[in-house]
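Q: no FASTA, just this:
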């Protein structure tokens, strides 16, 4: 089964999203499942995971509604207030009754405090996730947030953690080695995974190709292995630097030399295991 482990929807008529904003006009509008469905069919994607786009219950409730309407949605990564552990625990009890609720994410890169994710109250919230067996998507923008992964992995070894977008490597700046070293350290912890997603927008140019992103994917594959890497389109954010089909085709070109087993893990198997799809 081929899985897109990271895509979004947003409905501006229902939810006051903080992002996207007018300075990203191509995606500053309501974007929903009927727009994605033909793209999935064209690329041969079997299932997707919808990931939260706002730190609010309303966004999570909306995603769960969508999941019930479309058979190709396998799961939802929602939100609970990790900095309020007791409330997070109570809300998880409700959300986990829904079979589509598969994980939690917080837009920590929007927090004024770059160390938000390692604050004591947030760490307690993450322990609540771990105790409930709920994985966590970390928005780790290099270098501010990626540096916290070892501390999280050591403090909460039973928390399954995935680094979104390979921590947004500085592709445009060409700063490969510093990013690679940090990812190598993060990969030493078996409870840490990573998403091969968002690399086109990290590059920040439209005419990118597999050759531009391959060194970053290759390094992640080398340190994490295919059983801890998963593909995600990051659609519709992907439209800022290409489109769904280009992200899919160029990612496949970048991993074309991998074994069949490795490709199957990255393109579906790892996500199925990580999220319990």
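A: All right, it came through fine. Remember, it's a predicted structure, so these values are computed and weren't measured experimentally.

Q: residue contacts, residue 14?
A: Contacts for residue 14 (C-beta atoms under 8 Å, 6 or more residues apart in numbering) come out as 58, 62. Where you see a C-beta, it was placed from the backbone N, CA and C, and this is true even at glycine.

Q: Could you do residue 250 as well?
A: Counted by C-beta under 8 Å, 6+ apart, residue 250 has contacts 200, 208-210, 213, 242.

Q: Going by neighbour count, list what's buried in stretch 257-267.
A: 258, 262-263, 265-267 (16 or more other C-beta atoms under 10 Å).

Q: Looking at the residues you listed, which is nearest residue 196?
A: residue 266 (6.4 Å; C-beta to C-beta).

Q: Same question for the closest one, what's its three-state structure.
A: Assigned with DSSP: H, G, I helix; E, B strand; the rest coil, residue 266 falls in the helix class.

Q: Double-check it against residue 227; I have them as touching.
A: No. If you go by C-beta atoms under 8 Å, residue 266 and residue 227 don't touch, sitting 9.1 Å apart.

Q: re the thing from before, mind checking which of the contacts of residue 250 are buried?
A: With burial judged by 16+ other C-beta under 10 Å, the buried subset of those is 200, 208, 210, 213, 242.

Q: Go through those residues and flag which are in helices.
A: Secondary structure assignment by DSSP state H places 200, 210, 213 of these in helices.

Q: show me what contacts the last one?
A: It refers to residue 213. By C-beta under 8 Å, 6+ apart, the contact list for residue 213 reads 171, 199-200, 203, 250-251, 254.

Q: State the pLDDT value of the residue nearest in space to the middle of the chain.
A: Nearest to the geometric centre of the chain sits residue 164, at 4.0 Å (C-alpha atoms, centre = their mean). We note a pLDDT of 97 for residue 164 in this prediction.

Q: go on, residue 203?
A: For residue 203, the pLDDT comes out at 59.

Q: Residue 118 too?
A: pLDDT at residue 118 comes out at 95.
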